[in-house]
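[1] Provided below are the primary sequence and the corresponding predicted coordinates.
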Amino acid sequence: MPIRDPVTLRKWRDTAGPTFAIIPARGGSKGVFRKNLRELAGRPLLVHSIEHAQATSQIDTVIVSTDDPEIASVALAAGAEVVHRPTALARDETPTLPVLLHVLEQLEGERTPSRVVTLQPTSPLRRPEDLSAAIELLTDSFDAVVGVCAAEHSPYKMFDIRNQALTPLIPGTPPGIPRQQLPPAYRENGAVYVTWRDVLIDARSIWGARARPYEMDAESSIDIDCTLDFAIAEMLLKTRATKAVTV
């Protein structure tokens with residue numbers, strides 16, 4: 001039965017149960033063949049996200065949702081649980097929300113998390129401390145916490161073309177204004193989402209009505225979409241490993 005009374009909802013959240021991490025990892029991929037299984041720094045891409053979740057003390061259970069037997073095998077070997085999803089939920093156009101709801105439906109009657117941490121396997125440079133900090137930011141005043149980073153290109157310097165003329169994308173923005181004088185802008189980086197379970201189920205939303213930002217740096221926000229991204233991530237992970245040894 002959905003909890004709709006704000007006082008009851010706040011009390012329920014204050015005495016909330018476990019936190020589950022759900023990693024959606026289907027077998028298909030557009031940019032890179034079998035992307036979630038491709039090796040990065042000696043481990044399949046998927047395993048990096050599993051290890052991030054396992055190293056986060058607030059996360060009680062790590063679940064991989066997949067349609068692919070090989071991905072399921074790799075996830076199990078890495079210590080994650082697996083929920084097998086139907087082909088209908090593993091298409092290119094399938095959004096993340098129904099995948100999360102499918103996992104919760106499969107667990108219904110067995111275990112009920114209060115918070116769901118959604119981790120895309122394409123964010124291998126996030127750190128466990130990012131997950132920990134994002135989870136701590138989720139209070140009963142917010143529906144979700146969403147990972148963001150500073151936008152690489154300010155939307156205040158962007159245009160559309162109308163009647164063959166450049167027109168500021170954000171009306172009223174003077175052309176040529178120095179970047180330093182522009183308001184800060186942020187973009188969703190896809191690295192971490194922390195959502196109350198009741199928001200996922202009742203509002204049918206990962207963000208809810210009021211999402212709190214968790215700011216991350218550009219390096220930790222890298223999203224793997226093509227072979228060049230793999231090369232950049234490999235270099236950055238090696239650099240991190242070298243620094244860790246020399247410190």
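    Looks like it arrived, so ask away.

[2] C-alpha only now, for contacts and for neighbours.
    OK.

[3] phi, psi of the residue of the chain most remote from its centre?
    Computed with CA atoms, centre = their mean, the residue of the chain farthest from its C-alpha average is Asn163, at 38.9 Å. Per-residue torsions, Asn163: phi 50, psi 40 (degrees, to the nearest 10).

[4] now Ser132
    Phi and psi for Ser132, reported as degrees, to the nearest 10, are phi -60, psi -50.

[5] Show the contacting residues for the nearest residue to Arg85 once chain neighbours are set aside.
    Distance criterion CA to CA, 6 or more residues apart in numbering; nearest residue to Arg85, sequence neighbours excluded, is Asp67 at 5.1 Å. Neighbouring residues of Asp67 by CA atoms under 8 Å, 6 or more residues apart in numbering: 25-27, 84-87, 90.

[6] Likewise for Arg34?
    Listed by CA under 8 Å, 6+ apart, the contact partners of Arg34 are 27-28.

[7] Next one, pLDDT for it please.
    Here the pLDDT value assigned to Arg34 is 95.

[8] Neighbour-wise, give me the winner out of the contacts of Asp67.
    Ala25 (26 neighbours; other CA atoms under 10 Å).

[9] Now do the SS call for the spatially most central residue of the chain.
    The residue lying closest to the centre of the chain (CA atoms, centre = their mean) is Val192, at 3.3 Å. Secondary structure for Val192, judged by DSSP: H, G, I helix; E, B strand; the rest coil, is strand.

[10] In the biggest helix by length in the chain, which residues are buried?
    Longest helix of the chain, by residue count under DSSP state H: helix 227-246. Buried residues in helix 227-246, counting neighbours by 16 or more other CA atoms under 10 Å, are found at 230, 233-234, 236-237.

[11] Can you list the neighbours in contact with it?
    Here helix 227-246 has contacts from 31-32, 40-41, 124-125, 219, 222-224, using CA under 8 Å, 6+ apart.

[12] go on, stretch 172-191?
    So stretch 172-191 is contacted by 119-120, 122-123, 126, 146-151, 154-157, 168, 221-223 (CA under 8 Å, 6+ apart).

[13] Please type out the PyMOL selection for whichever of those turn out to be buried.
    Buried subset of the contacts of stretch 172-191, written as a PyMOL selection, criterion 16+ other CA under 10 Å:
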select buried, resi 119+120+122+123+126+146+147+148+149+150+155+156+157+168+221+222+223
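
[14] avg pLDDT for the longest helix of the chain?
    The average pLDDT within helix 227-246 is 90.

[15] for stretch 87-97, same thing?
    Mean pLDDT, stretch 87-97: 95.

[16] Fine by me, thanks again.
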